[in-house]
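Student: Here is the input, now give the coordinates:
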Amino acid sequence: MRLVMTEPVERTERPYARRWWALLVLCLSLLIIVMANTALTVAAPDMTSDLGLSGADLQWVIDGYTVPYAALMLLLGAIGDKYSRRGALLLGLVVFGGGAVSGYLADSAAAVIAARAVMGVGAALIMPATLSLLAATFPRAERAKAITLWTATAGLAIAAGPVVAGALLKDHGWSSTFLINVPIAAVAIVGALALVPPSKAGHHDRIDYVGGVLSVIWTGSLVYMIIEGPHFGWDVKAVTAAVVAGVGLLAFVAWELRHPRPILDVRRFAHRRFAGSNLAVALFFLAVFGAFYYLTQHLQFVLGYDALATGVRMLPLAGAVFVGSALTGWLTPRVGMKWTVTAGMVGGTAALALLTRVDAASSYGDLVAPLIVLGLAIGLALSPCTDAIMGAFPESELGVGGAVNDTSLELGGSLGIAILGSLLSTSYADHLTDATAGRGLPAGALATAQDSVGAGYAVAQGIGDKARQVAAQAAQASDPQQAAQLKQQAAQLSAGARQMTDAVGASFSDAVAHTSLVGAVILGVGTLLVAVLLPRGAARDAEAAEPAEDEVTELVGSRAEN
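Tutor: Have a look, this model is predicted:
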């Protein structure tokens, strides 16, 4: 066995013999990209306490990764197609690992945000490279199965991140959640050199850098607006980002329609299968990321689980993703992607609808069924969509195809956290106002408690601490009358602390139910749109894969004639 694989996959006369081992490396690379976000959700409370992060700081610690990741994927995917897909993967792993080390060493909010941004750049190199290498390495007859395993890995990573981070936080600080990426990236680099064959487009014209830069501008501005507006208000920065995103998108579309070799042929979105698949991916991850965002908070704050216990309780989601992936691998060739994707989206809508039953008396048992249904839905819907998106691109644009799929995913996830997260905060604050009305809570304490569920419990704890202090003073008081007054005051404060704790838990539970209802409506309407867009029948699915291969043959033939 060679220490370094040097023969390009395009030159092999038969399917690459170690392609399933290569897939393992690609899935490992995908694993750390997804885990980088989900692990942070359980490390955030410790990080906030240690670094004294404000709400805005914490939001940008999370989203500092998202902006470069979403903005750069299309351009970097095209560069990987032209020069080297494996090279893009290796460079991305190095950049990602370097950002992780920086995050481990960071001691301020600015340093953590910068480290996360570097990791986002690495992820923008890695993500489209994994899909383009998968598509280049596997023959079309096996590609759907390989994409199914790739998708199942993403589902595993969603649940694995909190479990691994929770285990580390038992004995180590929050910075250890950055460091876990380094050995995985190192193993992936060695595996990529030994098992993943080099690949690049056989024929690729000059890169449309103007289109690439315009895609960076409009996508980056859009993601920034999605983050900034709902969370921090529609100030000048958010409105400016919205305007830049709109103008940038129009300029991008106009340029791509006129360019003879566009970085992305936007006419593809006129095809129902392609447009429907991208819409399904975006809507699904809007629901998944939004639900994950508030369910982890509910498990940690309302139900009182620590980081590790929270991660473990998300595992039913990962197991269900694998089951759903196995089902779609069997069903899609028989009934067509329209039915499996629609069934998956109906399942996702049902999972969110089940979460509308959450209330103050709910336990973890009430969340198990929604998690399982959501996992099954992910497994059913996503791999057929990814296969359809990748099948729409010729061999010379596989990196761009992967970038389009991943950009839809990331935009959907950003929208989910922004829209559902903002709605959650507003609903929680409104419910808390109603729950504490007439209880004499100071306006300042109420405003603090409304900021987040964690802040609400901190206010309740502060009232409880005050009650214990007053009780201690009563025990030491020499004047019986003063002691009695202090005891009465301590009892009132203690009762107030219990009432505040109950009000915070009930308000957040009600907010989860309300937000889930809105999420279910959004995904339900989206399901109808996707069902209309996707063509019917398994035979059409098979036929839809042909144009990309014919396009390659035509391209190669024309080049040979020249």
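Student: A490 is in what secondary structure piece?
Tutor: Using DSSP states H and E, A490 maps to helix 480-533.
Student: residues in contact with the strand or helix carrying G246?
Tutor: Applying DSSP H and E as the criterion places G246 in helix 236-258. Helix 236-258 is contacted from outside by 208, 210-211, 214-215, 217-219, 221-222, 224-225, 228-229, 232, 262-267, using CB atoms under 8 Å, 6 or more residues apart in numbering. Every C-beta, even on glycine, is put in place using the N, C-alpha and C of the backbone.
Student: Just the ones of the residues you listed in helices?
Tutor: With helices taken from DSSP state H, the overlap with the contacts of helix 236-258 comprises 210-211, 214-215, 217-219, 221-222, 224-225, 228-229, 232.
Student: which residues in the stretch 101-250 of the chain form strands?
Tutor: Remark: no strands are assigned in the stretch 101-250 of the chain by DSSP state E, counting those that start in this stretch.
Student: if we can go back for a sec, select only the buried ones of the ones in helices among the contacts of helix 236-258 in ChimeraX?
Tutor: Restricted to buried positions by 16 or more other CB atoms under 10 Å, the ChimeraX selection for these reads:
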select :211,214,215,217,218,219,221,222,224,225,228,229
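Student: Now tabulate the ones in helices among the contacts of helix 236-258 in a markdown table and tack on pLDDT and distance to T137.
Tutor: As requested, the ones in helices among the contacts of helix 236-258 are exported to a markdown table (pLDDT from 0 to 100; distance: CB to CB, whole Å):
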| residue | pLDDT | distance to T137 |
| --- | --- | --- |
| V210 | 94 | 31 |
| G211 | 92 | 27 |
| L214 | 95 | 31 |
| S215 | 94 | 26 |
| I217 | 95 | 33 |
| W218 | 93 | 32 |
| T219 | 91 | 28 |
| S221 | 92 | 35 |
| L222 | 89 | 32 |
| Y224 | 86 | 35 |
| M225 | 88 | 37 |
| E228 | 80 | 40 |
| G229 | 78 | 41 |
| F232 | 69 | 44 |
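Student: G212 against G77, yeah?
Tutor: No. Judged on CB atoms under 8 Å, G212 makes no contact with G77 at a distance of 9.5 Å.
Student: neighbour-wise, which of those two wins?
Tutor: Using other CB atoms under 10 Å, the more surrounded residue of G212 and G77 is G77, with 32 against 22.
Student: residues near the closest residue to A144 other than its chain neighbours, how many?
Tutor: Spatial nearest neighbour of A144, excluding adjacent residues (CB to CB, 6 or more residues apart in numbering): D387 at 4.9 Å. By the criterion of other CB under 10 Å, D387 has 28 neighbours.
Student: Just the angle for the host helix or strand of D387 relative to helix 480-533, thanks.
Tutor: Using DSSP H and E, D387 sits within helix 365-391. On the basis of axes from the mean of the first three to the mean of the last three CA atoms, to 10 degrees, helix 365-391 is oriented at 30 degrees to helix 480-533.
Student: Can you list the helices and strands that helix 365-391 packs against?
Tutor: Helices and strands touching helix 365-391, by 3 or more CB pairs under 8 Å, 6 or more residues apart in numbering; DSSP states H and E, are helix 109-137, helix 140-169, helix 272-297, helix 315-335, helix 337-355, helix 398-415, helix 538-544.
Student: With only the CA atoms kept, save the fourth one in CSV.
Tutor: Coordinates of the C-alpha atoms in helix 315-335 are reproduced here as CSV (Å, rounded to 0.1, in the frame of the first residue of the first chain):
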residue,chain,number,x,y,z
LEU,A,315,-28.4,10.5,20.8
PRO,A,316,-31.8,9.2,19.8
LEU,A,317,-31.7,11.8,17.0
ALA,A,318,-28.4,10.4,15.7
GLY,A,319,-29.6,6.8,15.8
ALA,A,320,-32.8,7.7,14.0
VAL,A,321,-30.9,9.5,11.2
PHE,A,322,-29.1,6.2,10.5
VAL,A,323,-32.4,4.3,10.3
GLY,A,324,-33.9,7.0,8.1
SER,A,325,-30.9,6.9,5.8
ALA,A,326,-31.2,3.1,5.5
LEU,A,327,-34.9,3.5,4.6
THR,A,328,-34.3,6.2,2.0
GLY,A,329,-31.5,4.1,0.4
TRP,A,330,-34.1,1.3,-0.1
LEU,A,331,-37.2,3.5,-0.9
THR,A,332,-35.9,6.2,-3.2
PRO,A,333,-34.9,3.9,-6.1
ARG,A,334,-38.4,2.3,-5.9
VAL,A,335,-40.8,5.2,-5.4
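Student: starting at the chain centroid, how far to that helix?
Tutor: Averaging C-alpha positions (CA atoms, centre = their mean, to the nearest Å) puts helix 315-335 20 Å from its chain's average.
Student: repeat for the second one
Tutor: Taking CA atoms, centre = their mean, the mean C-alpha location of helix 140-169 is offset from the chain mean by 12 Å.
Student: So for that helix, what gets flagged as buried?
Tutor: Buried positions in helix 140-169, judged by neighbour count with 16+ other CB under 10 Å: 143-169.
Student: want to throw the ones in helices among the contacts of helix 236-258 into TSV with distance to L286?
Tutor: TSV is the format used below for the ones in helices among the contacts of helix 236-258 (distance: CB to CB, whole Å):
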residue	distance to L286
V210	30
G211	26
L214	24
S215	21
I217	23
W218	19
T219	16
S221	19
L222	14
Y224	17
M225	16
E228	18
G229	16
F232	20
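Student: Pick the one among the ones in helices among the contacts of helix 236-258 closest to A70.
Tutor: Proximity of the ones in helices among the contacts of helix 236-258 to A70 (CB to CB) peaks at T219, which lies at 5.5 Å.
Student: any idea how far L382 is from the closest one?
Tutor: T219 sits 21 Å away from L382, going by CB to CB, to the nearest Å.
Student: Then G462?
Tutor: G462 sits 44 Å away from L382, going by CB to CB.
Student: neighbour-wise, which of those two wins?
Tutor: Per other CB under 10 Å, whichever of G462 and L382 has more neighbours is L382, with 31 against 15.
Student: Name the secondary structure element that contains L28.
Tutor: Taking DSSP H and E as the definition, L28 sits inside helix 19-51.
Student: So, low pLDDT: which residues of the stretch 151-300 of the chain?
Tutor: Along the stretch 151-300 of the chain, the model assigns pLDDT under 70 to residues 203-204, 231-232.
Student: go with 80
Tutor: 155, 158-159, 202-205, 227, 229-233 (pLDDT under 80).
Student: for the stretch 1-150 of the chain, same thing?
Tutor: Scanning the stretch 1-150 of the chain for pLDDT under 80 picks out 1-14, 37-38, 41-42, 44-45, 48-49, 53-59, 62.
Student: related to what we said a few turns ago, and the helix holding G246, which residues are buried?
Tutor: By neighbour count on 16+ other CB under 10 Å, the buried set for helix 236-258 is A238, A241, A242, V244, A245, G248, L249, F252, V253, W255, E256.
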